[in-house]
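1. below is the sequence, then the predicted model.
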Amino acid sequence: MNPSRIEDLIEQAREAYIAYEPLLKHAVKEFMEETLKAVEKSRVVFQRLGVSEICRQCDKEEGGSCCGAGIEYNYTVPLLIANMLAGVNLPISRFDEKSCYFLGPKGCMLLFRHTLCVNFFCKKLYDLLGAEQIVLLQMTIGDEIDLTFKLCEAIYKIMQTSKKP
């Protein structure tokens, strides 16, 4: 089934999470721990370089966000399950109709994000940070992207090869 609404995709993820949670928690524990460390490292660098504040100001003062409505359709059931395994409560409604379903009043509500969301740097960021800082960001997020992909692949394989309990 290819969901036409983000709520349908989230419901699929919730159902799969309920069905596979005990198996997944054990099977992906190592991937989860490693990926969480990479995400935290990325977030520290983003904070240190001021990226989070630059994006927050742009959204507030310039009336827009890179996290526009429709971005959420890049997400998959395994990526949403990974977030739930990490303790993220998926939203039940959109905070702002013009924004991504997962963008809340304090930023992205997800811990594990799609590659597009992690790896997009607008011209304003390039101009403010410069090439050297952008390279540092890209090198840092490389691990996050790679490990998130591996975590999702592990979740997907378990779901494909295991019978629902």
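-> Thanks, I have it.

2. where in the chain is the helix or strand with the lowest mean pLDDT?
-> The helix or strand of the chain with the poorest confidence is helix 51-61; it has a mean of 77 (mean pLDDT, DSSP states H and E).

3. just the C-alphas of that helix, formatted as CSV.
-> Provided in CSV are the C-alpha atoms of helix 51-61 (Å, rounded to 0.1, in the frame of the first residue of the first chain):
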residue,chain,number,x,y,z
VAL,A,51,23.0,26.2,12.3
SER,A,52,20.0,25.5,14.5
GLU,A,53,19.7,29.2,15.4
ILE,A,54,20.2,30.4,11.9
CYS,A,55,17.4,28.1,10.7
ARG,A,56,15.1,29.1,13.5
GLN,A,57,15.6,32.8,12.7
CYS,A,58,15.0,32.2,9.0
ASP,A,59,11.8,30.4,9.7
LYS,A,60,10.6,33.1,12.2
GLU,A,61,11.8,36.3,10.5
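
4. and the next helix or strand after it, what does it pack onto?
-> Downstream of helix 51-61, the first helix or strand assigned by DSSP states H and E is helix 77-85. Contacts defined by 3 or more Cβ pairs under 8 Å, 6 or more residues apart in numbering; DSSP states H and E place helix 77-85 against helix 6-27, helix 29-49, helix 123-161. Yep, even glycine has a C-beta here, placed from its N, CA and C like the rest.
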